[in-house]
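1. here is my input, please return the structure:
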Amino acid sequence: MANLVVHFEIHASEPQRLIDFYGELLGWGFTRFGDAPYWVIDTGEGAIGVDSPGQGINGGLTQREGPAPERGAPINGCNFVVGVEGDVDGLFQTALDLGATEAVALEDMEGVGRGGYLLDPDGNIFGLMSPALSDGTVAMGG
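-> Below you'll find the model as predicted:
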C-alpha cells in the first residue's frame, strides 16, 4: 500500500487547552516531543505506527503560528473526521459541553453514516462520523 495518510497535525494557540479537550473527548494521549512546542498524539490501538500498519493514524499538536481561524472563514488546510463506534450524537454533545461549537449539524447520510462537524475551542474544524444512521441501520462497513 502506498500514499496513505499516516500523520495529521492540529495547530493550537493554547496547546494545553486542546490537549485537555481532545484527551477528554476522544481519549487521545499526548506526549511532549523534546523541548519544542510539539506533542505527539496517540489516537489508540489500531493506529498506523512507524513499522506497523493499522486502521487509523496518529498525529501531532503544535503551537500555532499566527491567529486562530475566524469563524465562517474558508478552511485553510485540511480537516479530519474521527470514526465513532456507538453514540455519535452523545459524543457530539460532549464536545459541545467541553467548549466546541457546531459547524455542521449531525445528519444521516445514506450509504455513508451519521456525521457532523465541530469547531474545537481554538477554531479548528473536525468531524465525527458513525457508520450507523440515526435509526440504527448500518450505512458503511464498521
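
2. pairing partners for the lowest-mean-pLDDT helix or strand in the chain, with directions?
-> Least confident helix or strand, the chain: strand 58-63 with a mean of 91, by mean pLDDT, DSSP states H and E. Using DSSP bridges, the strands paired with strand 58-63 are strand 7-12 (parallel), strand 38-42 (antiparallel).

3. dump those strands to a markdown table, plus mean pLDDT, distance to Asn124 and mean neighbour count.
-> Where C-beta positions appear, they are placed from N, C-alpha and C, glycine not excepted. Below are the strands paired with strand 58-63 laid out as a markdown table (pLDDT from 0 to 100; distance: least, Cβ to Cβ, whole Å; neighbours: other Cβ atoms under 10 Å):
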| stretch | mean pLDDT | distance to Asn124 | mean neighbour count |
| --- | --- | --- | --- |
| strand 7-12 | 94 | 6 | 18 |
| strand 38-42 | 95 | 13 | 18 |
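
4. residues contacting the longest strand along the chain, please?
-> Using DSSP state E to assign secondary structure, the strand with the most residues in the chain is strand 101-109. Applying Cβ atoms under 8 Å, 6 or more residues apart in numbering, the set of residues contacting strand 101-109 from outside is 71, 88-89, 92, 96, 114-119, 125, 127-128, 133-135, 139.

5. coming back round to it: can you pull out the residues in contact with the least confident helix or strand of the chain?
-> With contacts defined as Cβ under 8 Å, 6+ apart, strand 58-63 is touched by 7-12, 15, 18-19, 22, 30, 33, 37-43, 47-49, 80.

6. go with 7 Å
-> Surrounding strand 58-63, the residues in contact under the criterion Cβ atoms under 7 Å, 6 or more residues apart in numbering are 7-12, 15, 18-19, 30, 37-43, 47.

7. buried sites along it?
-> 58-62 (16 or more other Cβ atoms under 10 Å).

8. output the below-cut-off pLDDT ranges for this structure.
-> The chain contains residues with pLDDT under 70 at 1-2, 48-54, 140-142.

9. domain ranges for it?
-> Following automatic domain parsing, one gets these domains for the chain: 1-65, 77-142.

10. quick check: beta-bridge partners of the closest residue to Ile41 other than its chain neighbours?
-> Excluding the flanking residues, the one nearest Ile41 by Cβ to Cβ, 6 or more residues apart in numbering is Gly59, at 4.2 Å. With beta bridges defined as DSSP bridges, Gly59 has these partners: Phe8, Ile41.
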